[in-house]
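**Student:** This is the structure alone, sequence omitted:
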């Protein structure tokens, strides 16, 4: 659909080229993109909307150095593509947790790139969608409303006081907020250092963070008191019955005597 009639640039085994028209239309047509292509196989690696449309007079691939590519556009900005810095945080309960009780470990993995600091790190499949949403006013669900942003994997490890480690697990951050959470129940008492680490990928540098949680004695359930022994009321009931019968007999005798006198 979109023409390509301009020379590209090659670096690190990748071919960079963008769609162009000779002179920009007004209003500017959507869809012009910068493409990163495997220079050996021709396979597309990534693509992203370019600034200011695809005019060959206003867009220019600039220097490529130290793993970063620069691109100038008609909006007056220079765009730089490359690995971004990441920042990982992790927190655990700030109170002593009783042995046998689980708790939630929470944290974030955020993008610290200068153009979008403190935005969520996202998967490589969501990178173009994220960048176009942040910088190119594209819909967050894509132009057709059918795309979803996904996050990045975070590994969590606990180290006990003896230096032994426990693999808590790997979780994926929320692509829209950068948050993650996982439930864990420590196996024994003591102090644990919990490390959350993001290994990074071709889009982000790695980062990690740690926190500490203390596990105390298990809470003992209160012992059930001995149930009270029920009182044997048989003799009481027997005595009451005998007394009632005696009273009835006495009343009957008294009644008979009274009737005889009359």
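**Tutor:** Thanks, I have the structure now. Nothing here was measured: the structure is a model prediction, and the numbers come from that model.
**Student:** Give me the most central residue, this protein.
**Tutor:** For the chain, the residue nearest the mean C-alpha position is residue 180 (2.1 Å; CA atoms, centre = their mean).
**Student:** Which strand or helix spans that residue?
**Tutor:** Secondary structure from DSSP states H and E places residue 180 in strand 179-184.
**Student:** Report the strands that pair with that strand, each with its relative direction.
**Tutor:** Its sheet considered, strand 179-184 pairs with strand 103-111 (antiparallel) by DSSP bridges.
**Student:** And the partner strand, how far out from the chain middle?
**Tutor:** On the basis of CA atoms, centre = their mean, to the nearest Å, strand 103-111 sits 6 Å off its chain's mean C-alpha point.
**Student:** For the chain, which segments are assigned as helices?
**Tutor:** With DSSP state H as the criterion, the chain has helices at 127-135, 234-261.
**Student:** The strand holding residue 180 - what's its average pLDDT?
**Tutor:** Across strand 179-184, pLDDT averages out at 97.
**Student:** contacting residues around it?
**Tutor:** Applying CB atoms under 8 Å, 6 or more residues apart in numbering, the external contacts of strand 179-184 come out as 102-109, 151, 154, 156, 158, 168-169, 171-174, 196. (C-beta placed from N, C-alpha, C; glycine too.)
**Student:** can you list the domains in this structure?
**Tutor:** Domain segmentation of the chain under automatic domain parsing yields 9-81, 86-216.
**Student:** what residues are up against residue 192?
**Tutor:** Counting by CB under 8 Å, 6+ apart, residue 192 makes contact with 158-160, 186, 212-215.
**Student:** actually residue 110, not the one I wrote
**Tutor:** Applying CB under 8 Å, 6+ apart, the residues near residue 110 are 86-89, 117-121, 178.
**Student:** can we see that at 6 Å?
**Tutor:** Listed by CB atoms under 6 Å, 6 or more residues apart in numbering, the contact set of residue 110 reads 87, 118, 178.
**Student:** Repeat that for residue 148.
**Tutor:** Contacts of residue 148 by CB under 6 Å, 6+ apart: none found.
**Student:** what do you get if the cut-off is 10 Å, keeping everything else the same?
**Tutor:** Residue 148 makes contact with 125-126, 129, 140-142, 175-176, according to CB atoms under 10 Å, 6 or more residues apart in numbering.
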